[in-house]
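S.K.: Let me see the structure of the following:
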Amino acid sequence: MTNIEEKVYEIVCEHMGASRDKLAPETSFTNDLGADSLDTVEIVMQFENAFDIQIPDEDAEKIQTVGN
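M.R.: So this is what the prediction gives:
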């Protein structure tokens with residue numbers, strides 16, 4: 001696993017209160033972790049801050065799983 005993947009998992013675990021062993025690339029934010037739209041926005045914002053990037057809204061809406 002790359003450093004980027006590790007950071008993604010760390011952010012998701014912290015925000016959603018999930019344990020690392022329950023996450024996989026196909027883990028759905030909404031179906032598996034119970035995230036709502038606000039959670040998803042906050043996670044995307046954390047990704048942007050952690051990686052110093054901007055994710056356009058139309059791309060952020062496509063993020064549905066930990067690995068996507």
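
S.K.: alpha carbons only for contacts and neighbour counts from here, please
M.R.: Fine.

S.K.: so where's this protein shaky on pLDDT?
M.R.: Nowhere does the chain drop to pLDDT under 70.

S.K.: Would you map the helices across it?
M.R.: Under the criterion DSSP state H, the chain carries helices at the ranges 3-16, 37-51, 57-60.

S.K.: Out of those, flag the one nearest Leu23.
M.R.: If you check each of the helices of the chain against Leu23 by CA to CA, helix 3-16 wins as the nearest, at 7.5 Å.

S.K.: now what about stretch 2-18, what contacts it?
M.R.: Contacts with stretch 2-18, where a contact means CA atoms under 8 Å, 6 or more residues apart in numbering, come from Ser19, Arg20, Leu23, Leu33, Ala35, Asp39, Ile43, Gln46, Phe47, Val66.

S.K.: re earlier: adding distance to Ser28, write the helices of the chain out as TSV.
M.R.: Formatted as TSV, those follow (distance: least, CA to CA, whole Å):
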stretch	distance to Ser28
helix 3-16	11
helix 37-51	11
helix 57-60	14
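
S.K.: who touches Gln46 in this structure?
M.R.: For Gln46, the contact set (CA under 8 Å, 6+ apart) comprises Ile11.

S.K.: What distance do you get for it to Glu10?
M.R.: The gap separating Gln46 from Glu10 is 11 Å, by CA to CA, to the nearest Å.

S.K.: can you count the residues close to the nearest residue to Arg20 once chain neighbours are set aside?
M.R.: In space, Arg20 comes closest to Cys13 once its chain neighbours are excluded; the distance is 6.3 Å by CA to CA, 6 or more residues apart in numbering. Using other CA atoms under 10 Å, Cys13 has 17 other residues around it.

S.K.: Please apply the same query to Thr40.
M.R.: Counted with other CA under 10 Å, the neighbours of Thr40 add up to 20.

S.K.: Who are the contact partners of the closest residue to it other than its chain neighbours?
M.R.: Once flanking residues are discounted, Thr40 sits nearest to Phe29: 7.4 Å by CA to CA, 6+ apart. Contact partners of Phe29, counting by CA under 8 Å, 6+ apart, are Ala35, Thr40, Gln64, Thr65, Val66.

S.K.: show me the contacts for the third one.
M.R.: It stands for Gln64. Contacts of Gln64 (CA under 8 Å, 6+ apart): Ser28, Phe29, Thr30.
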